[in-house]
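A.B. asks: how would this look folded up:
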Amino acid sequence: MASKILPASIARRALSAPRPAGLAPRTLACAPQIARCQWSAYRPATRIAGQRRALSSTARARFAAIDDATNPLQAERESDEVDVCIVGGGPAGLSAAIRLKQLANEAGNEDFRVLVLEKAGEIGDHIVSGNVTEPSALNELLPDWNSEDNPNRFEHTTPATVDKMRFLTKNSAIPIPKPPQMNNHGNYILSLNQLVKWLGERAEELGVEVYPGFAASEILYNHEGVVQGVATNDLGVGRDGKPKDSFERGMEFHAKVTLLAEGCHGSLSKQVIKKYDLRRDSQPQTYGLGIKEIWEIPPEKFEPGLIVHSLGYPLPSDTYGGGWMYHFGDNMVSIGLVVGLDYPNPWLAPYGEFQKMKHHPLYKDYLEGGKCISYGARTLIEGGFQSIPKCAFPGGALIGDTAGFVNLPKVKGTHTAMRSGMLAAEATWDALLGNKDNGTVFLYDYEDKLRKSSIWKELKEVRNMRPSFHNPLGLYGGILYSGMEAYLRGKTPWTLKHKVRDHAATKPADQCKKIEYPKPDGKISFDILTSVSRSGTNHEEDQPVHLQVKDWEKHAQMNWPKYKGVENRFCPAGVYEYVEDETKELGVRFQINAQNCVHCKTCDIKDPAQDINWATPQGGEGPKYVLT
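C.D. replies: Residues are numbered from 1 along each chain as shown. The predicted structure follows:
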């Protein structure tokens, strides 16, 4: 690959990123070699896909000084002009970027600029998925991705071999038929974290400009209300909201088309959906919280390619969800639990349920004698076909999980996310070719392509399976009905509706049974802070709290009397606490430990008061997942 040029703006951001204890200070002299330095795993990447152009088209900014007469927070931002800006370096965003550059390079337009902004310190750092991948989209995008003849092929795949479906009671595992959608013949178990890193490298080889460590925090509109790009957040702002000596103004990236690939419940996507009323013809989205661990188990217990899914225990019958266990790599096991966030009991803690699940004999027998090496948590889309919003807006589009293309009964979303990115790329390329007068680009063709694609067909077939669990029999009625739907493949003439938004499903604490969770044993189950330490999460403490609550005391007054600390229980990272405080009228004080945040966004979705807004912290911060 060509030598890399490090623009001054990126060097400044690399230097300003927080440094884990024990690491030597970084200097500008070593900044160009960040990707090869021992601490690159903790920092925003500084690679630019072999590009030699300067990043910024405006004058270089300087650090703020204490005695600045003007307010640095209002200073003009540096800006850059690109053809397409993609927010999010996950499967959808990178697939869109790769497909765009393939089209541009085939047309001989190598100067066509495609930019990917990723808030994680490195591509893949924020990716969590219990992943059995259907390779159809990968085969289409990069046909030699797994070929023995390709020296750069993705090597970390384990072919699926055995599928098991079990209904759990406290001590038993009852075999049940798996729906045809869950047939994994020809699929691969892999780490999506690793696959995304590999896709990032392939994107760079094609000339995509990939910028990890840049957290897009603001949508930019022109005078007509058309999206014209994004801005990244300011760095070096103290918790008091004032600039520190290390202050660095955010940057603007102006684009002809902006594709939002932020994943589930993206912070910018929420704004765009609201501004353009993109949900006017769809039902509200519904979500689940996925919590997972990666274990290394004894070789004699390892069964390469084994796939296990479970329903029932430990979740109550009024709560949707299920567990999984996948054997992959060299003696590695991915194990996790998904809990539908429309659960009613505020005493339920998804993290505690997951720790209980691991002690069930089905899972414990494999984990005993093993070692937990990684932990992660992330919300996922569950609404399906009826919750898909309008995906195109003036100047851009929603792609991947941002738009809600997860096939929940199939337990897969990577192939649909990638395919949506590819379809958006093709629609974008055609629209820009036809936009001779440089007017507003509206991706009508993207919407049409979606409706004609396998994505639409897949999701329509299974549209009734998730909402069927809202019935008087709960889990049991849902299993019976969705089993019928699975074999009818969506040919029923009706479409079931989602009952309520997830936060509104929460009942008052005094109407529900209190749940006491057993103390972790430190071998199979763990306390929440031990798990967070395995996520690699890192935030600079002296910055504005990115979990935005306008009035903490008012929040406590709304939530504590009715829900008795539901925030502490729904959060899988110990971010929220109610601390005893006799000086407060309620006897408790609401506290946010934002440095623990693993960016799962559960709080933004499940909080009954709906006054927690998850916003991006400084670029490059958050979890650093391994093998997730």
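A.B. asks: Mind checking the pLDDT average for the longest helix seen in the chain?
C.D. replies: Longest helix of the chain, by residue count under DSSP state H: helix 414-434. For helix 414-434, mean pLDDT is 97.
A.B. asks: same for it, what does it pack against?
C.D. replies: Counting contacts by 3 or more CB pairs under 8 Å, 6 or more residues apart in numbering; DSSP states H and E, helix 414-434 is packed against strand 78-87, helix 91-106, strand 131-133, helix 136-141, strand 251-260, strand 396-398, helix 444-452, helix 454-461. From N, CA and C alone the C-beta is placed, and that goes for glycine too.
A.B. asks: That helix vs helix 444-452, what angle?
C.D. replies: Helix 414-434 and helix 444-452 are oriented at 150 degrees to each other (axes from the mean of the first three to the mean of the last three CA atoms, to 10 degrees).
A.B. asks: Could you list the buried residues of helix 414-434?
C.D. replies: Using 16 or more other CB atoms under 10 Å as the test for burial, helix 414-434 gives 414-429, 431-432.
A.B. asks: Over to stretch 517-535?
C.D. replies: Y517, P520, I524, S525, F526, I528, S531, V532, R534, S535.
A.B. asks: got a list of contacts for it?
C.D. replies: 293, 349, 351-352, 355-356, 358-359, 364, 367-368, 372-377, 572-574, 596, 598, 623-625 (CB atoms under 8 Å, 6 or more residues apart in numbering).
A.B. asks: Looking at that stretch now, give me its mean pLDDT.
C.D. replies: For stretch 517-535, mean pLDDT is 97.
A.B. asks: still on that earlier bit, now the buried residues of stretch 517-535 as JSON lines including distance to H546 and secondary structure?
C.D. replies: Shown next, in JSON lines, are the buried residues of stretch 517-535 (distance: CB to CB, whole Å; DSSP: H, G, I helix; E, B strand; the rest coil):
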{"residue": "Y517", "distance to H546": "28", "secondary structure": "coil"}
{"residue": "P520", "distance to H546": "28", "secondary structure": "coil"}
{"residue": "I524", "distance to H546": "33", "secondary structure": "coil"}
{"residue": "S525", "distance to H546": "29", "secondary structure": "coil"}
{"residue": "F526", "distance to H546": "26", "secondary structure": "coil"}
{"residue": "I528", "distance to H546": "20", "secondary structure": "helix"}
{"residue": "S531", "distance to H546": "21", "secondary structure": "helix"}
{"residue": "V532", "distance to H546": "16", "secondary structure": "helix"}
{"residue": "R534", "distance to H546": "22", "secondary structure": "coil"}
{"residue": "S535", "distance to H546": "16", "secondary structure": "coil"}
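A.B. asks: so which of those comes closest to V308?
C.D. replies: Taking CB to CB as the measure, V308 lies nearest I524 of the buried residues of stretch 517-535, at 16.4 Å.
A.B. asks: excluding its backbone neighbours, what's nearest that closest one?
C.D. replies: Sequence neighbours aside, K358 is the residue nearest to I524 in space, at 5.1 Å (criterion: CB to CB, 6 or more residues apart in numbering).
A.B. asks: For that neighbour, give me its contacts.
C.D. replies: Contacts of K358 by CB under 8 Å, 6+ apart are I335, K364, L367, I524, S525.
A.B. asks: contacting residues around I297?
C.D. replies: Counting by CB under 8 Å, 6+ apart, I297 has contacts N331, M332, V333, Y366, L367, G369, G370.
A.B. asks: Which of those ranks first by neighbour count?
C.D. replies: Ranked by neighbour count (other CB atoms under 10 Å), the contacts of I297 have V333 at the top, with 24 neighbours.
A.B. asks: Quick check: it is in a strand.
C.D. replies: Yes - under DSSP: H, G, I helix; E, B strand; the rest coil, V333 sits within a strand.
A.B. asks: any residues touching stretch 568-581, and which ones?
C.D. replies: Here stretch 568-581 makes contact (CB under 8 Å, 6+ apart) with 289, 291, 341, 346-352, 377, 528-529, 531-532, 535, 537, 547, 556, 560, 565, 567, 587-594, 596-598, 600, 602-603, 606-607.
A.B. asks: buried subset of those?
C.D. replies: Among these, those classed as buried by 16+ other CB under 10 Å are 289, 291, 341, 346-352, 377, 528, 531-532, 535, 537, 547, 556, 560, 565, 567, 588-590, 592-594, 596-598, 600, 602-603, 606-607.
A.B. asks: Mind telling me what element Y363 is part of?
C.D. replies: helix 361-367 (DSSP states H and E).
A.B. asks: The next helix or strand after that helix - contacts with which helices or strands?
C.D. replies: Next helix or strand after helix 361-367 toward the C-terminus (DSSP H and E): strand 371-381. Packing contacts for strand 371-381, counted by 3+ CB pairs under 8 Å, 6+ apart, involve strand 287-296, helix 602-606.
A.B. asks: Where does pLDDT dip in the protein?
C.D. replies: Scanning the chain for pLDDT under 70 picks out 1-69.
A.B. asks: Who are the contact partners of G376?
C.D. replies: V128, I291, K292, E293, S535, V598, P623, Y625, T628.
A.B. asks: got it, and Y476?
C.D. replies: S317.
A.B. asks: from here on, count from 451
C.D. replies: Let's use 451 as the start, then, which means that last one is Y926.
A.B. asks: hmm, back to that, ok and the longest helix of the chain relative to helix 904-911, angle-wise?
C.D. replies: Helix 864-884 runs at 130 degrees relative to helix 904-911, counting by the same axes, to 10 degrees.
A.B. asks: Give me the distance from helix 864-884 to the chain's centre.
C.D. replies: How far helix 864-884 lies from its chain's middle: 20 Å, per CA atoms, centre = their mean, to the nearest Å.
A.B. asks: try stretch 714-727
C.D. replies: Relative to the centre of its chain, stretch 714-727 is centred 15 Å away, using CA atoms, centre = their mean.
A.B. asks: Mind exporting the C-alpha coordinates of that stretch to CSV?
C.D. replies: Output of stretch 714-727 as CSV, limited to C-alpha atoms (Å, rounded to 0.1, in the frame of the first residue of the first chain):
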residue,chain,number,x,y,z
CYS,A,714,-29.1,0.2,16.1
HIS,A,715,-30.7,3.5,17.4
GLY,A,716,-28.1,5.8,16.0
SER,A,717,-27.9,9.2,17.6
LEU,A,718,-27.9,11.1,14.2
SER,A,719,-30.4,8.7,12.7
LYS,A,720,-32.9,9.6,15.5
GLN,A,721,-32.7,13.2,14.5
VAL,A,722,-33.1,12.6,10.8
ILE,A,723,-36.0,10.3,11.3
LYS,A,724,-37.8,12.9,13.5
LYS,A,725,-37.0,15.8,11.2
TYR,A,726,-38.3,14.2,8.0
ASP,A,727,-41.0,12.1,9.8
